[in-house]
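Trainee: Fold the following, please.
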Amino acid sequence: MKILAFSDTHLHKKALDLIKENAKNVDFLICAGDISWFSHGLKEVLKDLDTKITKPIYIIPGNHEEGSNLEEICKNLKHIIYMHKKAKKIGDYIFFFWGAGGFAEINKPLESAMGKFKEKIKKEDKIIFITHGPPYNTELDFLDWAGHVGCKSQRKFIQEIRPILHICGHLHENFHKKQLINKTLILNPGPEGTIVEL
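Mentor: Predicted structure coming up:
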């Protein structure tokens, strides 16, 4: 199974053109948010991707889509599926999506959802975690001028659920960085996207 993961394209034409080109080589795509610029151009960019890419694109909102009508737009599209606060089994993997934000150190709604999710999964399940912002105390949440700015609730998810992969974005300074924590590979796929083979 091949996935094209991407984040933080912010309407950038060159990045979006690469996404369209590389979509031909994968089974489906995951957008970890911030496809727009403060919601401007959101409808247009989604319609364009929906027309040019005929594979499923699972999307969550980033902080640039907070308060937008992303979910409503997706209802009228054929290939783009809104996944915020949802879990989905694809093949042998369970994907858990949690979008928006990127600035909260603690996310109580996520922790509550994590508790319910934990009750439904088995120890042997292969989990993939998708968020907009990065988890706390990693190479992906570190900024030279601010230190570690990631989410402790997401770090808790990694420690307790132990997903095999965590896809996140938000911090442009850390595009394409990855780090292995225990058995979880954390990846910021960047706006041009990264192909992940499972």
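
Trainee: distance of the closest residue to Tyr93 other than its chain neighbours from Ser36?
Mentor: In space, and not counting its chain neighbours, Tyr93 is closest to Lys126: 4.9 Å by CB to CB, 6 or more residues apart in numbering. The way it works is simple: take the backbone N, C-alpha and C, and place the C-beta from them, glycine included. When distance is defined by CB to CB, to the nearest Å, Lys126 is 31 Å away from Ser36.

Trainee: Look at those two and report which has more neighbours.
Mentor: Ser36 (22 against 14; other CB atoms under 10 Å).

Trainee: what residues does the one helix or strand Ile195 maps to touch?
Mentor: Ile195 is part of strand 194-197, with elements assigned from DSSP states H and E. The contact list for strand 194-197 (CB atoms under 8 Å, 6 or more residues apart in numbering) reads 1-6, 22, 25-26, 165, 167, 176, 187, 189.

Trainee: Quick check: neighbours of it in the sheet, parallel or antiparallel?
Mentor: Here strand 194-197 is paired, per DSSP bridges, with strand 2-6 (antiparallel).

Trainee: Chain neighbours aside, what residue packs nearest to the most centrally placed residue in the chain?
Mentor: Nearest residue to the geometric centre of the chain (CA atoms, centre = their mean): Ala32, 2.6 Å. Spatial nearest neighbour of Ala32, chain neighbours left out: Ser7 (3.8 Å); criterion: CB to CB, 6+ apart.

Trainee: following the lowest-mean-pLDDT helix or strand in the chain, which helix or strand comes up?
Mentor: Among the helices and strands of the chain, strand 147-148 carries the lowest confidence by mean pLDDT, DSSP states H and E, at a mean of 77. With elements assigned by DSSP H and E, the helix or strand that comes after strand 147-148 is helix 152-161.

Trainee: centre of the chain versus that following helix, how much separation?
Mentor: Relative to its chain's centre, helix 152-161 lies at 15 Å (CA atoms, centre = their mean, to the nearest Å).

Trainee: what helices or strands is it leaning on?
Mentor: Applying 3 or more CB pairs under 8 Å, 6 or more residues apart in numbering; DSSP states H and E, one finds that helix 152-161 contacts helix 108-120, strand 126-131.

Trainee: quick one, helices of this protein?
Mentor: 13-22, 42-52, 70-75, 108-120, 152-161 (DSSP state H).

Trainee: relative to its centroid, which residue of this protein is most remote?
Mentor: Trp145 (24.7 Å).

Trainee: Check what pLDDT the residue nearest to Tyr93 gets.
Mentor: The score at Lys126 is 98. That number is its pLDDT.

Trainee: what about Gly67, how many neighbours?
Mentor: Gly67, neighbours per other CB under 10 Å, totals 11.

Trainee: quick one: contacts for it?
Mentor: Contacts of Gly67 by CB under 8 Å, 6+ apart are Ser39.
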